[in-house]
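Peer 1: Give me a 3D structure for the following:
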Amino acid sequence: MYHGAVITVVFAHPYPTRSRANQALLRGIAGLDGVAVRSLYDLYPAFDIDVEAEQRALVESRAIVWQHPLYWYSVPGLLKHWFDKVLERGFGYGEGGTALANKACLWVATTGGDDQAFSTQGMHAHPFSAFVPVVEQTARFCGMQWLEPLIVHGAHKLREAELVAHGEVYRARLEGLLKGEGAS
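Peer 2: Below is the predicted model:
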């Protein structure tokens, strides 16, 4: 019998060892009872997703976290493929698709750009909030409760102490979810 976690972290970074920020975030939540990390690029390097295993992990979780770097204003390719396969009609949405209804969804993303880059005068020409709706609507379309995202901007420029602080914030957010805080 499968015994799922209270929180499933779906981690999608194609080069996880190159990301100081994502490694710091993962270290921040390491050892939390009730939290399982599913590293998609480790599990599915050929993109052959085990849909049944992924759906089982989600069904048995109270909260789901999508953690990844921002790639072209969205999610990395494997996470998009995961959305397409795992959140299918009849499971995540549509007739009978209530498996994720009322589960909390926390988006944890890292960006290369700092706050200034995500402004109307910055290199991305829009505030970061302009890039949130696609991921948010994915969760909401599946009936999930969208939580305030945890976004780490300018990730590659941050000092180690700043990365550790972000990891501590992440841990506190998950500890709150484990206690039933922040989710209905």
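
Peer 1: hey, let's count contacts and neighbours off CA atoms from now on
Peer 2: Fine.

Peer 1: measure A109 to S119 for me?
Peer 2: A109 sits 17 Å away from S119, going by C-alpha to C-alpha, to the nearest Å.

Peer 1: Compare those two (neighbour count), which wins?
Peer 2: Taking neighbours as other C-alpha atoms under 10 Å, A109 and S119 compare with A109 leading, 24 against 16.

Peer 1: ok, that one touching Q67?
Peer 2: Yes - between A109 and Q67 there is a contact under C-alpha atoms under 8 Å: 5.6 Å.

Peer 1: For this protein, list the residue farthest from the centre, please.
Peer 2: Distance from the C-alpha centroid of the chain, by C-alpha atoms, centre = their mean, peaks at Q121 (27.9 Å).

Peer 1: could I get the longest helix seen in the chain in CSV with only the CA atoms?
Peer 2: In the chain, taking DSSP state H as the definition, the longest helix is helix 160-178. What follows is helix 160-178, C-alpha atoms only, in CSV (Å, rounded to 0.1, in the frame of the first residue of the first chain):
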residue,chain,number,x,y,z
GLU,A,160,24.5,32.3,1.0
ALA,A,161,22.9,33.9,4.0
GLU,A,162,20.1,35.2,1.9
LEU,A,163,19.5,31.8,0.3
VAL,A,164,19.5,30.2,3.8
ALA,A,165,16.9,32.8,4.9
HIS,A,166,14.7,31.9,1.9
GLY,A,167,15.0,28.3,2.9
GLU,A,168,13.9,29.1,6.4
VAL,A,169,10.8,31.0,5.1
TYR,A,170,10.0,28.0,2.8
ARG,A,171,10.3,25.6,5.8
ALA,A,172,8.0,27.8,7.9
ARG,A,173,5.4,27.9,5.1
LEU,A,174,5.4,24.1,4.9
GLU,A,175,5.4,23.7,8.7
GLY,A,176,2.3,25.9,8.7
LEU,A,177,0.7,23.7,6.0
LEU,A,178,1.5,20.6,8.0
